[in-house]
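>>> the following block contains a protein sequence and its predicted model.
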Amino acid sequence: METLRDLFEHIVTTNPSGKELLRTRAGRDWRGYTVVEFADATRHTAARLAQAGIEKGDRVALFAENRPEWHIIDFACHLLGAVLVPLYPSLPANQVQYIVADSGAKMLLVSGKDRARTAADAGAQLPGVRIVGIDPGLANGLPALQELPGLPGGIDALPQPALRADELASLIYTSGTTGEPKGVMLSHRNFVSQITSLRPEYPITDADDTLSFLPLSHIFQRILDYLFLYCGCRITYVEAVERVSMMLPLVQPTILASVPRVYERAYVQVLARVQKEGGAKQRLFTWALRAGRAVKAAEWAGRRPPLLARLQYALARRLVFSKILERFGGRLRFSVSGGAPIAREIAEFFDIVGLPVLNGYGLTESAPVIAVNRLESNKLGSVGLAPPGVEVKIAPDGEILARGPNIMMGYWNKPEATAEAIDAGGWLHTGDIGHLDEQEFLFITDRKKDLIVTTGGKNVAPQPIEARLAASPFVAQAVAIGDKYPYLVALVVPNFEAVEARLAEQGTNGALSHEAIAAHPVTEALIASTVKEINADLAAYERIRRFTVLPKEFTLDAGEITPTLKVRRKVIMQRYGDIIEQMYLKSHRTGEYGLDD
């Protein structure tokens, strides 16, 4: 297997033709594709694209949510040797226009009426770009893909241009926390090398069920989908992360891939429910966690737990943890986390419960995996080992460098940026700071450009501190600030649901607005207690000295976070500049909680 065209042929020839491969929820029913239906739909789509003038090397932009047709269009492009340019499904018109224009796409395929309107707005500035709906009836005058004529000779007349592993397969535009998006050029080899190197490392079979809900426009979910398709798994598509909790009991997946935010929310929900139930159930839960930690702490240290501890843990799993796992469908064997650091206490919690979370690390520029944990060697706190064929080393300044067949071809039409990212030795400069332990496990400290340098000259990595704050049941989001300031402060978004439940316990009646919750003294006390607990484990220069509770979450629509949920620090600093300055001018009443100690 050298190209993604070869991957398609592998999928459709090694699986039973009647096996359900892809599906999505349609009302109360399922809408799916068997292997033979997937193969036919992909070839007919390729024939329509070819008849519409798409040839080898042409760029085709795809503006759609996760759905079976996403990969049908994707593989149809690879059959023709065309280059897929995926777009995040909630991009505004100006960003759609920029990416389509910058990539030189000949066609823009779009799903949904809202995206069709956005595409039409963008299309006004895109002369010569043909806009086509994935579904019929999206807008007046917008042709639908299945309404396009096929080749006169049918799928037998499909062109089969020669395709090499080192040719461009996809342009993926990085969301970026600063500056305009850059088109990452990924070759067929970049993708295929990841599939073939990761496949032997994990027990994935054609009996596995998985969900696809992280945006396919980004590399993390896409490479996982390729791996799952290669293994013959059934993939259920979920169009938005908000629907995942509802889909878990319906799908009962055996493998789950997500970003830390999903695990954080699940962790907070479990703790909130236990606290609400109180009494004997809370005491049982506390005992179960203690029993589980006694066993896992020994395992994490490489020791065999005592027999009594193992027996108590077995009982805890049956009485308590099995019920938590049922919330995930009851069949999960393991899960993968990527995109951002996951707090160690959350990873430990799920490991104790019986759901190993395999933390990994990568970039779009590395297609994406640079390191990832394995089931048999899951070192909590690390992002694991490099996959076979990928080299990792640490530069003298602490920056993580990676080299291998997964490293991008470069940035589209940006030779200077490419030269900055990949040195003469072929090493990708990731922009992340980290270290390797004696067993070559990689640990991430922070983004190089996100490191806080206080006026006292101290370097502080904000992301581990933010991850620990977000692990609190009462915190939804947190941003640490302190670059060119004398000490650290934080902007904190509370978990409004959890705080409101605590207020109700204390006698507050009626629903409160987010503004009222954020301003409530109980909320401030809860956040202060969390900050003080975290500060106890930090060096003096790393401690949060002030904080402000915000009445609304940071959102993608507001430009405050990226599509992969990374904070745009420059935007936050500008938008909340006055609040930040105030924290350096007055105590915000935090002194009474001992945060200045």
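Nice, thanks for sending it over.
>>> now the lengthiest helix in the chain: buried residues?
Identified as the longest helix of the chain according to DSSP state H is helix 279-300. Across helix 279-300, burial judged by 16 or more other CB atoms under 10 Å covers 285, 288-289, 291-296. In this view, the C-beta of every residue, glycine as well, is placed from N, C-alpha and C.
>>> now swap in stretch 134-145 and tell me
Buried, per 16+ other CB under 10 Å, within stretch 134-145: 134-135, 138, 142, 145.
>>> cool, stretch 501-518 as well?
Buried, per 16+ other CB under 10 Å, within stretch 501-518: 501-503, 512, 514, 517-518.
>>> what does stretch 153-171 give?
155, 158, 163, 165, 167-171.
>>> so for it, mean pLDDT?
Averaged across stretch 153-171, the pLDDT comes to 95.
>>> contacts for that stretch, please.
In this structure, residues lying in contact with stretch 153-171 by CB atoms under 8 Å, 6 or more residues apart in numbering are 2-5, 40, 43-44, 46-47, 50, 55-57, 59, 78-81, 83-86, 103, 151, 183-192, 409, 412.
>>> which ChimeraX command selects the buried ones in those?
Selecting only the buried entries of the contacts of stretch 153-171 in ChimeraX, with 16+ other CB under 10 Å as the criterion:
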select :3,4,5,43,44,46,47,50,59,78,79,80,81,83,84,85,86,103,151,183,184,185,186,187,188,189,190,191,192,409,412
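>>> what strands line up against the helix or strand encompassing L62, and which way round?
Applying DSSP states H and E as the criterion places L62 in strand 59-63. When pairing is defined by DSSP bridges, strand 59-63 lines up against strand 83-87 (parallel), strand 107-110 (parallel).
>>> out of the ones you listed, nearest to I433?
Across these, I433 has its closest neighbour in strand 83-87 (29.1 Å, CB to CB).
>>> quick check: next helix or strand after the closest one?
helix 93-103.
>>> with only the CA atoms kept, save that next one in CSV.
Extracted in CSV, the C-alpha atoms of helix 93-103 (Å, rounded to 0.1, in the frame of the first residue of the first chain):
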residue,chain,number,x,y,z
ALA,A,93,-17.5,33.1,4.6
ASN,A,94,-14.3,35.1,4.7
GLN,A,95,-12.2,32.1,5.8
VAL,A,96,-13.9,29.8,3.3
GLN,A,97,-13.1,32.4,0.6
TYR,A,98,-9.4,32.7,1.7
ILE,A,99,-8.8,28.9,1.8
VAL,A,100,-10.5,28.1,-1.5
ALA,A,101,-8.7,31.0,-3.2
ASP,A,102,-5.3,30.3,-1.7
SER,A,103,-5.5,26.6,-2.6
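>>> elements contacting it?
strand 59-63, strand 83-87, helix 113-123, strand 168-173, strand 183-187 (3 or more CB pairs under 8 Å, 6 or more residues apart in numbering; DSSP states H and E).
>>> same question for that helix: list its buried residues.
Applying 16+ other CB under 10 Å to helix 93-103 flags 93, 95-100, 102-103 as buried.
>>> now do stretch 391-406: distance to the chain's middle.
22 Å (CA atoms, centre = their mean, to the nearest Å).
>>> average pLDDT for it?
Mean predicted confidence for stretch 391-406 is 96.
>>> what does it rub up against?
Outside of stretch 391-406, the residues within contact range by CB under 8 Å, 6+ apart are 189-190, 193-194, 197, 366-371, 386, 389-390, 425-436, 440, 442, 444-445, 448.
>>> of the residues you listed, buried ones?
Using 16+ other CB under 10 Å, the buried members of the contacts of stretch 391-406 are 189-190, 193-194, 197, 366-371, 386, 390, 427-430, 432-434, 436, 442, 444-445, 448.
>>> of the strands paired with strand 59-63, which is nearest T523?
Among the strands paired with strand 59-63, strand 83-87 sits nearest to T523 (CB to CB), with 38.2 Å.
>>> show me what that closest one is in contact with.
57-63, 73-74, 77-78, 96, 99-100, 103, 105, 168-173, 183, 216-218, 222.
>>> need the CA coordinates for that strand. PDB is fine.
This file holds the C-alpha atoms of strand 83-87, laid out as PDB (Å, rounded to 0.1, in the frame of the first residue of the first chain):
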ATOM      1  CA  VAL A  83      -6.200  16.800  -4.000                       C
ATOM      2  CA  LEU A  84      -8.800  17.200  -1.200                       C
ATOM      3  CA  VAL A  85      -8.900  20.500   0.700                       C
ATOM      4  CA  PRO A  86     -11.100  20.000   3.700                       C
ATOM      5  CA  LEU A  87     -12.700  23.000   5.400                       C
END
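>>> and the angle from it to strand 168-173?
20 degrees (axes from the mean of the first three to the mean of the last three CA atoms, to 10 degrees).
>>> from here on, call the first residue 401.
I'll keep to 401 as the first residue from here, and by that count the last item is strand 483-487.
>>> chain center to strand 483-487: distance?
Worked out by CA atoms, centre = their mean, strand 483-487 lies 18 Å from the chain centre.
>>> next one: stretch 925-943
How far stretch 925-943 lies from its chain's middle: 28 Å, per CA atoms, centre = their mean.
>>> that stretch: end-to-end distance?
Stretch 925-943 has an end-to-end distance of 17 Å (criterion: CA to CA, to the nearest Å).
>>> now do stretch 529-545
Length of stretch 529-545, first residue to last, CA to CA: 15 Å.
>>> please enumerate the strands of the stretch 551-700 of the chain.
Assigned by DSSP state E, counting those that start in this stretch, the strands in the stretch 551-700 of the chain fall at 568-573, 583-587, 609-612, 634-637, 655-658.
>>> neighbouring contacts of the third one?
Which is strand 609-612. Contacts of strand 609-612 (CB under 8 Å, 6+ apart): 466, 621, 624-625, 628, 633-638, 644, 647-648, 651-657, 731.
>>> just stretch 521-541 next, same as before
452, 464, 469, 473, 493-494, 496-497, 500-501, 505-513, 516-517, 519-520, 542-548.
>>> measure it end to end?
The first and final residues of stretch 521-541 sit 14 Å from each other (CA to CA).
>>> and that stretch, what's its mean pLDDT?
On average, stretch 521-541 scores 95.
>>> again, but for stretch 724-737
Stretch 724-737 comes out at a mean pLDDT of 94.
>>> next: stretch 768-787.
Here the average pLDDT along stretch 768-787 is 95.
>>> which is the next helix or strand following the lengthiest strand in the chain?
In the chain, taking DSSP state E as the definition, the longest strand is strand 828-836. Counting by DSSP H and E, the next helix or strand C-terminal to strand 828-836 is strand 842-847.
>>> what helices or strands is that next one leaning on?
Short answer (3+ CB pairs under 8 Å, 6+ apart): strand 842-847 packs on strand 828-836, helix 862-870.
>>> now the last one against strand 828-836, angle please.
On the basis of the same axes, to 10 degrees, helix 862-870 is oriented at 60 degrees to strand 828-836.
>>> could you check the angle helix 862-870 makes with strand 842-847?
For helix 862-870 against strand 842-847, the angle by the same axes, to 10 degrees is 100 degrees.
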